[in-house]
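> Would you be able to build a 3D model of this:
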Amino acid sequence: MITLLTAGPPAFTAEGVEPLDVYDIDALEPACRLLLIGMHADQVFLESRREVLDAFLARGGTLVIGGHLLRQVFTGAPRWRRAESTAQADLVVLGVHAHPVWEGVDPRDLSSRRGVSGFYGRGGYPDLPEGATIINRIQYMPVDVELRTGGGRVLLHGGNDLWTYRSEGNTAERLLPQLLRWGTEGWT
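Below you'll find the predicted structure:
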C-alpha cells in the first residue's frame, strides 16, 4: 500500500496510491509500505507525531519527503539549508550516485524547468548522518539523499516534490513511476 499525505486535494492520482490528510496520520494503515510527504505538509504537526513516522520506519517502511525539511519529523532527520548561491550556474543538478528513481533521467531536464533554474532545488542537506547516500547535488549541497534509519529507508528531496515532474515532456517524467516502483520493490 502506498499513501500520499495531503494538505488538501491530492497532488496526483495513481493506481495503488491512497491519499491521507496529514492531520489524520494516526490512521496510517499498518499495511502502508511507502509513505509520500510533500513540501506543503505541516511539519510542525508531523514533528508532534514523530512516533508515528518512527514506528512506520521501524516496520521497514519507505518514507519519501519533498521540500525543505526543517523539523524532526522522524528521529535523526537532517535539516535542510538554503544553498549559499542561487545563481543559475550554481543550481545545476549533478549526479553523485546512481539510483533507480533517477535512472534514465537527464540532469539537464531537472536543472532547468521550462527555461527557469532552481525549481529542482535551491538548497539541501549538508549535515548528513553516517551511511547516508548522496544521489544528486547542486553546488556542493546534497539535494537528493537516501538514509537507512529505524529499520526503514528515507528518501529526501530538497526541492519541489518529485511527482510535480510527471508531465514535463522530457526524461523527468520517469521520476514518479520509478519512485513508486522503487518504493514498493521487494514487497510480498
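> Which of the helices or strands spans R181?
helix 175-184 (DSSP states H and E).
> Can you pull out the residues in contact with that helix?
Under the contact criterion C-beta atoms under 8 Å, 6 or more residues apart in numbering, helix 175-184 has outside partners 2, 12, 14, 16-17, 33-34, 36, 62, 64, 99-103, 105, 155, 162-163, 165-166. Heads up, the C-betas are built off the backbone N, CA and C, glycines and all.
> ok, and for the longest strand anywhere in the chain, which residues are buried?
The single longest strand within the chain, with elements called by DSSP state E, is strand 141-149. Along strand 141-149, these residues count as buried under the neighbour rule (16 or more other C-beta atoms under 10 Å): M141, P142, V143, D144, V145, E146, L147, T149.
> Dump it to PDB, restricted to CA.
Output of strand 141-149 as PDB, limited to C-alpha atoms (Å, rounded to 0.1, in the frame of the first residue of the first chain):
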ATOM      1  CA  MET A 141      25.000  20.700  -1.400                       C
ATOM      2  CA  PRO A 142      23.300  17.300  -1.400                       C
ATOM      3  CA  VAL A 143      19.800  17.800  -2.800                       C
ATOM      4  CA  ASP A 144      18.700  14.100  -3.000                       C
ATOM      5  CA  VAL A 145      19.700  11.700  -0.200                       C
ATOM      6  CA  GLU A 146      18.800   8.200   0.800                       C
ATOM      7  CA  LEU A 147      19.100   7.300   4.500                       C
ATOM      8  CA  ARG A 148      18.600   4.000   6.300                       C
ATOM      9  CA  THR A 149      17.100   4.600   9.700                       C
END
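> about what we covered before: pull out the buried members of the contacts of helix 175-184.
For the contacts of helix 175-184, buried by 16+ other C-beta under 10 Å: 2, 17, 33-34, 36, 62, 64, 99, 101-102, 105, 155, 162-163, 165-166.
> quick one: which of those is nearest G121?
Of all the buried ones among the contacts of helix 175-184, L162 has the smallest distance to G121: 10.8 Å, by C-beta to C-beta.
> From what I see, that closest one and V105 are in contact.
No: in this structure L162 lies outside contact range of V105 using C-beta atoms under 8 Å: 10.1 Å.
> State the distance from D161 to F12.
Here the criterion is C-beta to C-beta, to the nearest Å. By it, D161 lies 9 Å from F12.
> try G169
Taking C-beta to C-beta, one finds G169 at 16 Å from F12.
> Equivalent analysis for G118, please.
22 Å.
> And the contacts of the helix or strand bottoming out on mean pLDDT in the chain?
Ranked by mean pLDDT, DSSP states H and E, the weakest helix or strand in the chain is strand 116-117, scoring a mean of 72. Strand 116-117 is contacted from outside by Q88, L91, V92, S111, using C-beta under 8 Å, 6+ apart.
> Recalculate using a threshold of 10 Å.
Residues outside strand 116-117 that contact it (C-beta atoms under 10 Å, 6 or more residues apart in numbering): T86, A87, Q88, A89, D90, L91, V92, V93, L110, S111, I138.
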